[in-house]
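K.L.:
Sequence and computational prediction follow.
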Amino acid sequence: MPKKREKLDIKCTDFKCAEDEHCFSPKKPPKERRHSPSICTNCGASPIEWDLLHKRDINNISILVSSLKKEHIRAYFWRNDISWVSKRRPLMIGRQRLEKKVRLRLKKSIGLGHHFREGQQTPLLRDDDPIHYAQHATATCCRKCVFYWHGIPEERDLLQAELDYLEKVIWAYLNVKLPDLLNEENRVQSELDLSL
């Protein structure tokens, strides 16, 4: 019987305002959401330059990353290291194959305007795929998060330019968390792992 995966002890609605880690997730239902600046649902703080981030200019990536760290769930993933169990597979397959996996994952999880599991399509599990962690860290985990962080409407499919931008945003996280990632598959590591 397969072992049940353990959930991480964090939710999208968590906050630690005293530590400048808020929750900006809009409470309104999708049809009532507009591109108005989100404020912290707990304390009302508004430390994010939403208009600037909604331009989706990759030259502003450092501003985006520092802003993401002001939301508690994003800060959690930026602050904590990825476990060796989670790192092992990407280090084995290398950057080129991981890039393909990232593109495929983005299209599958947030590419369409209406995902049948909207809000739950990216797991929050311990020792999980680093791409899932990157999605939570960069607000590319569901269309609601993409909407309020990146300013893309929820009700339509993503354009290729938007997918390209979000892919670069994900790599801003993966480059930090997987500094030892090689371009090619690490055959030595793969053989070692297979022999264990």
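P.N.:
Now that the structure is in, tell me what you want to look at. Numbers count the residues shown, from 1 in each chain.

K.L.:
Name the single longest helix found in this structure.
P.N.:
With secondary structure taken from DSSP state H, the chain has its longest helix at helix 84-110.

K.L.:
by contact count, what packs against that one?
P.N.:
helix 130-137, helix 160-177, helix 187-195 (3 or more C-beta pairs under 8 Å, 6 or more residues apart in numbering; DSSP states H and E). In short, each C-beta sits where N, CA and C put it, glycine included.

K.L.:
tell me the average confidence for the last one?
P.N.:
With pLDDT averaged residue by residue, helix 187-195 scores 54.

K.L.:
In the chain, what helix or strand scores lowest on average pLDDT?
P.N.:
helix 187-195 (a mean of 54; mean pLDDT, DSSP states H and E).

K.L.:
Return the set of buried residues in stretch 15-26.
P.N.:
Of the residues in stretch 15-26, those with enough neighbours to count as buried (16 or more other C-beta atoms under 10 Å) are 15, 21-26.

K.L.:
Could you work out the most separated pair of those residues?
P.N.:
E21 and P26 (17.6 Å; C-beta to C-beta).

K.L.:
Could I get the buried residue list for the longest helix of the chain?
P.N.:
Counting neighbours by 16+ other C-beta under 10 Å, one finds that the buried residues in helix 84-110 are 86-87, 90-95, 98, 102-103, 105-106, 109-110.

K.L.:
show me the contacts for the residue most central in space within the chain.
P.N.:
When the chain is reduced to its mean C-alpha position, the nearest residue by C-alpha atoms, centre = their mean turns out to be Q135, at 1.7 Å. Counting by C-beta atoms under 8 Å, 6 or more residues apart in numbering, Q135 makes contact with 105, 109, 122, 141, 170.

K.L.:
what's the answer for K168, then?
P.N.:
K168 makes contacts with 58, 61, as judged by C-beta under 8 Å, 6+ apart.

K.L.:
Tell me the spacing between it and I110.
P.N.:
In this structure, K168 and I110 are 15 Å apart, going by C-beta to C-beta, to the nearest Å.
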